[in-house]
Every structure is written in structure tokens, then in C-alpha cells.
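> This is a predicted model, with the sequence first.
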Amino acid sequence: MSNNDPIKLRIPKQDLVSFTAFELSAAAASAWAQDLPVANSREVMAQLRKVLSELNRVEVSPEVRYEIMEDLRPALNIAASTVAKQFLNQPVVLPETPRQLAEQAYALHGSIQTAYTIAAVQGIRQKSSIQRANPARLVCQSLHRAITQAGCTLLHTLQLYQSVEVNTWMELNQLYALAERQHLNQQLVTDPAHGNCSITHTYMRALLLGCAKTNQLRQSDMAAVFRGLSEWTRHCELKPAPDSEGLFIVDLAEDHGPLFSSLYQNSPSEHCRILSTGKLVNHLKLLKEQDAKNGHRGIRFDKDTVLTSNVLEHLIDAWGNISTRNFARSSFDEDLLIAPGLSSVHFQLSGGKSLEELVYGDEAEEDPDGYDNPFMVPPSENRDDWEQANPHDDTREHDNPTHEVAEVDITDEYLNLIKNKREALTPEERHPVYSVLGRNVGPGGYCLEWTQKLPGDVRTGDVVCLQEKESDHWVIAVIRWVSSLHNASTLVGVELLSPKAMPFAARIQHKTGNGSDLTRVLLLPEIKLVGQPHTLITPRVGFKERQKVTLLREGEEYYVQLNRMINATPSFAQFEFRYIKHLEEVATSDVMAPNGKFQSVWNQI
């Protein structure tokens, strides 16, 4: 940016004459933080917000303000992460209490960013009065902290699938512009919480998060991406627009995040910077190849943070290609029926049959819930259920007469409580069908309006089946994105996978000759119109390429081998496969052309 252009940053006036929480010194701030009631996260949150609100309005020297914030920062980070656990992984439409906690956490993030911004701005204005620190270093570290916090605020917003609030990008862009103007953007800054890096790198971390199509990711995936970006930004470049090339462009004088350079309608000005991601994409491709060699285990940053294989592929696409909508959408203000989850989809497609009924027919004697507790049946002479549960940990000393086990008396009341825990629900109640309002439709899928009456545990990547109310035909789809509008509806985007699927039970054939337990899978027939071969949808865990699988349903048994995994989410995997026996006959004879309005949708693909 030109040195003549004003920096637009909003900071409150320092109009308070006194500060009530503690003496304005780093030592007093540290002692106060140690006395916080850490067991009560809400109380800690309330006290920290009150302290920051006063601190941001009281007059204090830049170095003291920075020192106080550094001593409060560990407590602030712990409070923010603790409270986040109470509103993340909640229903898509947040209930009242988690929603309030999320708003309080957002306000806390904003107060932290403001505090460091004030320290940076006053450090520039009052650099001659700074005695105990290098003024340039203090400003650099304050700007680094403020931009890092802005990135955390952005992550918080995206994890709730909300739109970025007005001025969020403006403040982030202007903080970086200020660092550039002070020639501080390339200086390395120590940050124990988020990793040592320069201001440019922590700014690029926010930019890359903003163009990662996070509404298609789960909340835990976003956190893993943010963690990975602390290492990956060194593979990116941020340069002035007129002399550089790259996939993305950002205008430091505007209130928006990065855009695709080729779609930027204005002529790039001196305010614009090009974000080049080519080297980063190449690095991620190398990680993808290594991950494939390791059996698609994902990238593990620590014991709690893993970037899964499908997210890695998603990032390669998001940061490596221009994303445009291939089909126009049209209004679709009608109700649809939806059954979410592989288990419910399988139940609906099988005509309301349990897995055992699908395989064995009406002669199935298995509990309709499939709930088979081995410890509820009498042990046989050659069977040890505990050994089956933990064969490597089992220690048997049946021949030792000194070891006696007292008989455990379980009353009928408790026995029935355990056995009938899920029997109280009918199969229809365990696999419910919901009514949802369709907002618009295209050949690729639907935009649905979600409400609190709908299941709250749905996530991006979940498989669902959809049906128009006047039809009896289910189509298979996957939830691709979620968008939660403030004080408005929550929208969910579903992508159609197939106009039909056949439910099967699958048993993985191990090399030892023993098969696995039966598992629900879906066979999607070939769609010649789009060149899609027949595929198999399986649970995400347990199935992998090159496995041999037996497919079963009443009176039928077929053998296939899984080939390339063409799609994967945290909920399911989709494999191409080849027939080892005559499954081709079923795949061709059991596929009927869809009826109703869905037929026209597939004809437009």
C-alpha cells in the first residue's frame, strides 16, 4: 500500500480513569491469572472478558499493555479452547446454551485482537516513550499476535459455518498492511502457542483458511487444517500483484478475503497482493503419495490432531484449482423426505429390513435391533467371550485352585434393563425419516433448509437418501456443505451420488480364511451417461483397496475385490470394484430407471 493511504483500524478510546481488576503491571496480571477458578470455565470466561474490556479502554504505556497481554495469554488460550468444546460438535442448528457460549467466545477473541492492536498502534505513535523494549520489536510482536488472533477468530466463525462478519477481513488486511508499511512483515516472531513464524506467514495462514472451502469440512478437520498451515505457509508466496502470478488475489484496502485471480474483475492496484499456492499444492501431493503408501492413515500432527486423507485431497483441489459452479440452480420450494446416515439409508432401501433379515429372510432369529451381547447368553465349553474381546491381553489360570471368583448376582430388573436398552425403540424409530424443505435444485444436488426439528448430529460427509413426497423412490446423496446464517436459516447442500442403490451385507475375507462380521454396504449401479462405473459404498473404517469382499442378501452370494477408492469422507468410502463371480447379472437386472422428477435431474448431468 502507498504510504499516503491511511490505515483503517478500529480501536476504542482509552477513556477510563481507573482499572479495578489488578495493578497495571505484568506481575500483577500474572498473579491475578493464577487465581482464576479454572474449574469453572464460564466464570473464567466472564472475568477475562471484563478485564479485557477495561484494559482496552484504560490509558497505559504500550510495553506494559503488551506485557500484561502476554501474561494473560495462556489463560486466555485455555479458556477459549475449553469453552469451544462446549459449542463445537453440537447440532447443526445450535441450541440456546451452546450458541450463547459461542457468542461469548467470539467476543473474547475480538477483545484479544483489539488489545494487541492497541499495543501496536500506540507503539508506533509513542515509540519515543518506550524505554524497556525495542519499539520496532514490540510493534512487530504485537502485530503478529493481533493477526494470529484474527486467524483464530476466523477459524471460530468458519467452524460454526457462519458468514464472516463485516470488517473482519478489513481489519486483518489492514493489520498486515501496517506491518508492511513498517517493514516488519518478514521478521521472525516467537510464538509458543501457534508456532514461530513471520507476520507474512501468519497472515497467509488466515488467507489460506479463507479459501479452503471450509463449509465442506467438519469442525475437527478445520482445526487440523489450521494446525497444518502453521507448517505449510513456508511453501507459499505473497507478492505485489502487478509483477506476480498466482491462483489467488487479495486487496488489502477491501473488506473481503482472497479471490481467484483470473476472476478478479478490476485491474490489480498497488493494494493487491498475489497469493501463490503452487509449491504448497506440490508439497501436499507428496504428502498424499506418502499417505497412500502408509495405508491412508492421514497426517498426524499430535495425538489429538489428524488430517485425514480425504481432507488432504480436498485441500489440493481447493488450493490448486479454480472452483466454479457447473450447473445453474433453480428455485425448488418443496418438501423432501430425508434419511441421514448409512444405517438409515440401508434400512430404507431394504424396505425396512434389519441386516439379518436382509441376509436370512423371514427366518432370521436375530434380535431386530442387531443388539447381540455375548455376555447375555450362557458360555459354552469351548467359548471364552472375554478372550474374543481381548485375545492378546487374556490370561487364563483355570487350573490354579487358589484363584476363586465370587458369583455375581444380577437381578432380573437390571438384566432386562441392559438387554432391552434399545428394544424400547422400534426399527422405524431407530432409523427415522425427516421432512426437510428444499430451497433450490440443480443437476448436481439440492440446497436444503435445516431446522431444530431435524437431527442435530449430521455432519458434512454423511451419506443420506432423499425422496420426493409423492414418490416412492430414494436417491443417494452426500452432505457436502453447511452454512449457518446469523439469526436466519441453516442451509445444507447435498450432492447426488446415484439415482439408485442396492443394499447388501458385506463380509471382508481375510487371508486366514475367516471372514469379518456382516456390515451394511450399498452398491451403486453404473451410470453410463456420465461414465461412472458401478461402485460400492462402505463404512469408512475397515475397508481398503485390494480387499476381497463377499456380498450377501437373501438367496444371493457374490464375491468382489475392491479396487480404487474414488471417494471418501469421515463417514463412508466409495470403491470401484471388480467381480470375482457373477454379480454382473444382479447389477444389470436389478437396476430400474428412476421415476418422478428425479429422472429429469439425472438426464441433465
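Cool, the structure landed. Here the structure is a predicted model, which is why all the values come from computation and not from measurement.
> Summarise which helices and strands the longest strand along the chain is packed against.
When the chain is parsed with DSSP state E, its longest strand is strand 556-568. Packing contacts for strand 556-568, counted by 3 or more C-beta pairs under 8 Å, 6 or more residues apart in numbering; DSSP states H and E, involve helix 309-320, strand 535-539, strand 548-553, strand 572-579, helix 583-589. For glycine as for every other residue, the C-beta is placed from the backbone atoms N, C-alpha and C.
> switch the cut-off to 7 Å
strand 548-553, strand 572-579, helix 583-589 (3 or more C-beta pairs under 7 Å, 6 or more residues apart in numbering; DSSP states H and E).
> Is the closest residue to L24 other than its chain neighbours in a helix, a strand, or coil?
Among residues not flanking L24 along the chain, V60 sits closest, at 5.2 Å (C-beta to C-beta, 6 or more residues apart in numbering). Under DSSP: H, G, I helix; E, B strand; the rest coil, the three-state class of V60 is coil.
> least reliable of the helices and strands packed on strand 556-568 going by mean pLDDT?
Mean pLDDT per stretch puts helix 583-589 lowest among the helices and strands packed on strand 556-568, at a mean of 46.
> Can you give me the distance of Q131 to E63?
If you measure Q131 against E63 using C-beta to C-beta, to the nearest Å, the figure is 8 Å.
> Between those two, which has more neighbouring residues?
E63 (22 against 8; other C-beta atoms under 10 Å).
> L358 and P503 touch, don't they?
Yes: with contact defined as C-beta atoms under 7 Å, L358 and P503 form a contacting pair (6.3 Å).
> List the backbone torsions phi and psi for G456.
phi -90, psi -10 (degrees, to the nearest 10).
> Only alpha carbons, please: show stretch 471-490 as PDB.
Extracted C-alpha coordinates of stretch 471-490, given in PDB (Å, rounded to 0.1, in the frame of the first residue of the first chain):
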ATOM      1  CA  SER A 471     -42.600 -40.600  -5.000                       C
ATOM      2  CA  ASP A 472     -41.600 -44.000  -3.500                       C
ATOM      3  CA  HIS A 473     -38.100 -43.800  -5.000                       C
ATOM      4  CA  TRP A 474     -35.000 -43.000  -2.900                       C
ATOM      5  CA  VAL A 475     -31.900 -41.400  -4.400                       C
ATOM      6  CA  ILE A 476     -28.500 -41.500  -2.800                       C
ATOM      7  CA  ALA A 477     -26.700 -38.300  -1.800                       C
ATOM      8  CA  VAL A 478     -23.900 -36.900   0.500                       C
ATOM      9  CA  ILE A 479     -23.900 -33.800   2.600                       C
ATOM     10  CA  ARG A 480     -21.200 -31.600   1.100                       C
ATOM     11  CA  TRP A 481     -21.500 -28.200   2.800                       C
ATOM     12  CA  VAL A 482     -23.200 -26.400   5.700                       C
ATOM     13  CA  SER A 483     -23.900 -22.700   6.000                       C
ATOM     14  CA  SER A 484     -25.400 -21.200   9.200                       C
ATOM     15  CA  LEU A 485     -26.700 -17.700   8.700                       C
ATOM     16  CA  HIS A 486     -26.800 -15.400  11.800                       C
ATOM     17  CA  ASN A 487     -30.400 -15.100  13.100                       C
ATOM     18  CA  ALA A 488     -31.600 -17.000  10.000                       C
ATOM     19  CA  SER A 489     -31.900 -20.400   8.500                       C
ATOM     20  CA  THR A 490     -29.200 -23.100   8.400                       C
END
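> Name the residues of that stretch that come out as buried.
471, 473-484, 490 (16 or more other C-beta atoms under 10 Å).
> Could you do stretch 184-197 as well?
Here stretch 184-197 shows L184, N185, Q187, V189, D191, H194, G195, C197 as buried, counting by 16+ other C-beta under 10 Å.
> show me what contacts the first one?
Counting by C-beta atoms under 7 Å, 6 or more residues apart in numbering, L184 makes contact with A136, V139, C140, L143, I199.
> part of a strand, is the first one?
In other words, A136. No: A136: not assigned to a strand; according to three-state DSSP it is helix.
> how many neighbours does it have?
16.
> what's the distance between it and L184?
A136 sits at a distance of 7 Å from L184 (criterion: C-beta to C-beta).
> Next, count neighbours for Q265.
Q265, neighbours per other C-beta under 10 Å, totals 5.
> What separation is there between it and V164?
Counting by C-beta to C-beta, the gap from Q265 to V164 is 20 Å.
> hmm, back to that, name the residues contacting each of L358 and P503.
What both L358 and P503 touch, as defined by C-beta under 7 Å, 6+ apart, is the set S350.
> Which one of the two is surrounded by more residues?
Using other C-beta under 10 Å as the criterion, L358 and P503 rank with L358 on top: 22 against 19.
> Can you tell me the closest non-neighbouring residue to A75?
Nearest residue to A75 in three dimensions, chain neighbours excluded: A33, at 4.4 Å (C-beta to C-beta, 6+ apart).
> any idea whether that neighbour is helix, strand or coil?
Going by three-state DSSP: A33 is helix.
> Quick one: residues contacting it.
D71, L72, A75.
> What count of nearby residues applies to L178?
Neighbours of L178 using other C-beta under 10 Å come to 25.
> swap in A133?
16.
> now the buried residues of stretch 471-490 as TSV including secondary structure?
Below are the buried residues of stretch 471-490 laid out as TSV (three-state DSSP):
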residue	secondary structure
S471	coil
H473	coil
W474	coil
V475	strand
I476	strand
A477	strand
V478	strand
I479	strand
R480	strand
W481	strand
V482	strand
S483	strand
S484	strand
T490	strand
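> Could you list the low-pLDDT ranges of the stretch 501-605 of the chain?
Within the stretch 501-605 of the chain, the segments meeting pLDDT under 70 span 512-515, 530, 581-605.
> circling back: list buried members of the contacts of L184 by neighbour count.
Burial by neighbour count, judged by 16+ other C-beta under 10 Å, picks out A136, V139, C140, L143, I199 from those.
> isn't the last one right up against L143?
The one in question is I199. Yes: using C-beta under 7 Å, I199 makes contact with L143 at a distance of 5.8 Å.
> if I look at the two, which residues touch both of them?
A179, L184.
> Could you chop this protein up by domain?
Following automatic domain parsing, one gets these domains for the chain: 1-185, 213-324, 330-350+428-498, 502-603.
> Which stretches in the stretch 201-350 of the chain count as helices?
Under the criterion DSSP state H, counting those that start in this stretch, the stretch 201-350 of the chain carries helices at the ranges 219-232, 278-293, 309-320, 342-349.
> For the ones you listed, could you give me a markdown table that also reports mean neighbour count, distance to F543 and mean pLDDT?
Output for the helices of the stretch 201-350 of the chain, formatted as a markdown table (neighbours: other C-beta atoms under 10 Å; distance: least, C-beta to C-beta, whole Å; pLDDT from 0 to 100):
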| stretch | mean neighbour count | distance to F543 | mean pLDDT |
| --- | --- | --- | --- |
| helix 219-232 | 21 | 20 | 94 |
| helix 278-293 | 15 | 15 | 94 |
| helix 309-320 | 20 | 13 | 93 |
| helix 342-349 | 22 | 12 | 93 |
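> Make CSV out of the ones you listed and add distance to K127.
Compiled in CSV, those are given as follows (distance: least, C-beta to C-beta, whole Å):
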stretch, distance to K127
helix 219-232, 30
helix 278-293, 36
helix 309-320, 38
helix 342-349, 61
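> Flag the shaky bits of the chain, pLDDT-wise.
1-4, 324-328, 362-424, 486-488, 512-515, 530, 581-605.
> who touches the residue nearest the centre of it in this structure?
Centrality entry for the chain: nearest residue to the mean C-alpha point is R218, 1.6 Å, by C-alpha atoms, centre = their mean. R218 is in contact with R459, T460, G461, P570, counting by C-beta under 7 Å, 6+ apart.
> of all those, which comes closest to D243?
Closest approach to D243 among the contacts of R218 (C-beta to C-beta): T460, at 38.5 Å.
> Assumed that closest one was part of a strand.
No: T460: not assigned to a strand; according to three-state DSSP it is coil.
> What separation is there between it and T114?
32 Å.
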